[in-house]
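1. just coords:
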DNA sequence: TCAATCCAAATTGTCGACAATGATGCTCCC
DNA sequence: GGGAGCATCATTGTCGACAATTTGGATTGA
């Protein structure tokens, strides 16, 4: 239903790609505790492969900052400190604001229809209120994915989806019961879509920046509460 | 003199890191023709190592979009088309504008002094006019590096230096005689530093965005001329 | 008792060989 | 003569074994 596995689709060609996807999911979902040390042999047998493909997967995960390596010592699963997450949100504000502006200019009518339908689906699902927290989170991600891809700027898309989003998702699972604000976020999504429909780039950027800024402030508030 | 090898310093620990740095330099400098196919065995003996470390280096270069891999077929050196370069410059405009804003707020007096000294050195070197084109380019890079790091936002720094700059450098070597505008760029640098010194984030962002926008327009003009 | 040194165990880094897959050229049939 | 199918070949993917390095503890000396 949702189109979340952007770069995991073609991953099943070789064993190295398979273990890369599996390991990334395991890290992002928190199956492997963040900050923990893991041995290569252990991981290799866990994923049913040899150390060769595993090491290639590790290199790629290192580039994505999901694991940290120190030569001759080993690897440890990255743990996103709160400060780093806030920094990422500031970068998101700049990049996704730009994405929204570009989307307002470059999105095709079909893509805009898709966005509208997505929001409509969210509205219906919201009525169900079944497993809503998780659902809202994934739906939120899907909304942002579409706007980003609507920018039709490959460099921008690769940066946001390929570099930042995995780390954000990892953090969401880490503090599993993250503060949510579904109704408010849903309304903000709707206004962003309206701005995109009107091809109003300035407004779309401003609304998206506010949207992400609100999310960041929400996280910061949550951090203060849990001190 | 210049601090260009940000992430190549720690690279000499293992053979895999060494071949990674060497291969990256070879690609960025154009020693290996962009778009060309290369075999693993060939590369391995070229860098005096086995295929194991080489493959790990390739995986990391793939994450940086410097090489493209297709399973069971091989690798080819990435070739940056003009459109992709322009897209990167738009992203740079957003990210480095943000970096300049943050630098105006967070840069320490010592860092600001360093920036000033750098510009002074450029001014003197400009008088020499010795090998100026290359010099200006590297100096320009160094200036931007410092502003970016002055933002004190790790996520932002990693994105710009770790992801985008290598590709930009590769392109500079590809069209080796890129259009230059040293005097103009130098003046823009000075004004940006003045804004940072005055801790005027708004102005610093605006000037940096204009600076990069000018560079982009310059490239676009150069492209039109060479059609 | 504390510190420095050395040894050993475990883990990572590297290498060469084997298996699997895609590409190239040939042959054969229509 | 042209195209489809097949066999060979080169290249990549994978694996197991060996070498190099770090870490941790044990031992010895002050």
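-> Received the coordinates, thanks. Just so we're clear, the structure is a prediction, and the values are computed from it rather than from any experiment.
2. List the residues that contact the residue nearest to residue A:15 when sequence neighbours are not counted.
-> Leaving aside its sequence neighbours, residue A:15 sits nearest to residue A:53 (C-beta to C-beta, 6 or more residues apart in numbering or on different chains; 4.5 Å). (Glycine included, C-beta is placed from N, CA and C.) Each residue near residue A:53 by C-beta atoms under 8 Å, 6 or more residues apart in numbering or on different chains is listed here: A:14, A:15, A:16, A:19.
3. For DNA strand D, state which of those is nearest.
-> DNA strand D has its nearest neighbour among the contacts of residue A:53 in residue A:15, at 2.7 Å by C-beta to the nearest atom of the strand.
4. Could you measure from that closest one over to residue A:54?
-> According to C-beta to C-beta, to the nearest Å, residue A:15 stands 9 Å off from residue A:54.
5. Between the two, which is the more surrounded one?
-> Remark: of residue A:15 and residue A:54, residue A:54 carries more neighbours, 23 against 17, as counted by other C-beta atoms under 10 Å in any protein chain shown.
6. Please verify my assumption that that one contacts residue A:44.
-> Yes - using C-beta atoms under 8 Å, residue A:54 is in contact with residue A:44, at 4.7 Å.
7. circling back to that earlier point, what angle separates the helix or strand where the residue nearest to residue A:15 lies from helix B:51-63?
-> Per DSSP states H and E: residue A:53 is located in helix A:51-63. In terms of direction (axes from the mean of the first three to the mean of the last three C-alpha atoms, to 10 degrees), helix A:51-63 departs from helix B:51-63 by 30 degrees.
8. Run the chain-centre distance for helix A:51-63.
-> 21 Å (C-alpha atoms, centre = their mean, to the nearest Å).
9. What residues sit buried inside that helix?
-> Neighbour-count burial for helix A:51-63 flags A:53, A:54, A:55, A:56, A:57, A:58, A:59, A:60, A:61, A:62, A:63 (criterion: 16 or more other C-beta atoms under 10 Å in any protein chain shown).
10. Give me the neighbour count for the residue lying closest to residue A:196 once chain neighbours are set aside.
-> Residue nearest to residue A:196 in three dimensions, not counting chain neighbours: residue A:104, with 4.7 Å by C-beta to C-beta, 6+ apart. Neighbourhood size, residue A:104 [other C-beta under 10 Å]: 26.
11. what helices or strands is the helix or strand harbouring residue A:104 leaning on?
-> Using DSSP H and E, residue A:104 falls within helix A:82-106. Where contact means 3 or more C-beta pairs under 8 Å, 6 or more residues apart in numbering or on different chains; DSSP states H and E, helix A:82-106 is packed against helix A:132-150, helix A:154-157, helix A:165-174, helix A:182-197, helix A:201-225, helix B:82-106, helix B:154-157.
12. Between helix B:201-225 and it, find me the angle.
-> Counting by the same axes, to 10 degrees, helix A:82-106 points 50 degrees away from the direction of helix B:201-225.
13. any idea of the angle helix A:82-106 forms with helix A:132-150?
-> Relative orientation of helix A:82-106 versus helix A:132-150 (the same axes, to 10 degrees): 50 degrees.
14. Would you mind pulling up the elements that whichever helix or strand comes after helix A:82-106 packs against?
-> Counting by DSSP H and E, the next helix or strand C-terminal to helix A:82-106 is helix A:109-128. Packed against helix A:109-128 by the contact rule (3+ C-beta pairs under 8 Å, 6+ apart) you find helix A:132-150, helix A:182-197.
15. between these, which one is nearest to DNA strand C?
-> Closest among those, using C-beta to the nearest atom of the strand: helix A:132-150, at 27.6 Å.
16. now, of the helices and strands packed on helix A:82-106, which is deepest in the fold?
-> Mean neighbour count (mean count of other C-beta atoms under 10 Å in any protein chain shown) peaks for helix B:82-106 among the helices and strands packed on helix A:82-106, with a mean of 22.
17. mean confidence for that one?
-> Averaged across helix B:82-106, pLDDT comes to 96.
18. do the same with stretch A:59-69
-> Mean pLDDT, stretch A:59-69: 93.
19. Quick one: residues contacting the residue nearest the centre of chain A.
-> Ranked by distance to the mean C-alpha position of chain A (C-alpha atoms, centre = their mean), the top residue is residue A:165 at 3.0 Å. Listed by C-beta under 8 Å, 6+ apart, the contact set of residue A:165 reads residue A:141.
20. quick one: it from residue A:18, how far?
-> Distance, residue A:165 to residue A:18, using C-beta to C-beta: 21 Å.
21. which one is whatever residue of chain A ends up closest to chain B nearest to, not counting chain neighbours?
-> Nearest to chain B, among the residues of chain A, is residue A:63, at 3.6 Å (C-beta to the nearest C-beta). Distances taken as C-beta to C-beta, 6+ apart put residue B:63 closest to residue A:63, at 3.6 Å, once the chain neighbours are dropped.
22. So the one you found is in contact with residue A:66, correct?
-> No - under the criterion of C-beta under 8 Å, residue B:63 is not in contact with residue A:66, lying 11.3 Å apart.
23. Tell me the secondary structure at the residue lying farthest from the centre of chain A.
-> With C-alpha atoms, centre = their mean as the measure, chain A has its most outlying C-alpha, relative to the mean C-alpha position, at residue A:72: 31.5 Å. Taken by DSSP: H, G, I helix; E, B strand; the rest coil, the conformation at residue A:72 corresponds to coil.
24. check contacts around it.
-> Residues in contact with residue A:72 (C-beta under 8 Å, 6+ apart) are B:13, B:14.
25. per-residue confidence at it?
-> pLDDT at residue A:72 comes out at 91.
26. ok, now how distant is it from DNA strand C?
-> 5 Å (C-beta to the nearest atom of the strand, to the nearest Å).
27. Out of the helices and strands packed on helix A:82-106, which gets nearest to residue A:38?
-> helix A:165-174 (15.3 Å; C-beta to C-beta).
28. ChimeraX command for the buried members of the contacts of residue A:53?
-> One line in ChimeraX is enough to select the buried ones among the contacts of residue A:53; burial here means 16+ other C-beta under 10 Å:
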select /A:15,16,19
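29. got CSV for the contacts of residue A:53, with pLDDT and distance to DNA strand C too?
-> Formatted as CSV, those follow (pLDDT from 0 to 100; distance: C-beta to the nearest atom of the strand, whole Å):
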residue, pLDDT, distance to DNA strand C
A:14, 87, 8
A:15, 88, 10
A:16, 90, 13
A:19, 94, 15
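30. Export the contacts of residue A:53 as TSV, with columns for secondary structure and distance to DNA strand D.
-> Output for the contacts of residue A:53, formatted as TSV (DSSP: H, G, I helix; E, B strand; the rest coil; distance: C-beta to the nearest atom of the strand, whole Å):
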residue	secondary structure	distance to DNA strand D
A:14	coil	4
A:15	helix	3
A:16	helix	4
A:19	helix	8
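31. Identify the farthest-apart pair in the contacts of residue A:53.
-> Maximum pairwise distance in the contacts of residue A:53, criterion C-beta to C-beta, is 9.3 Å, between A:14 and A:19.
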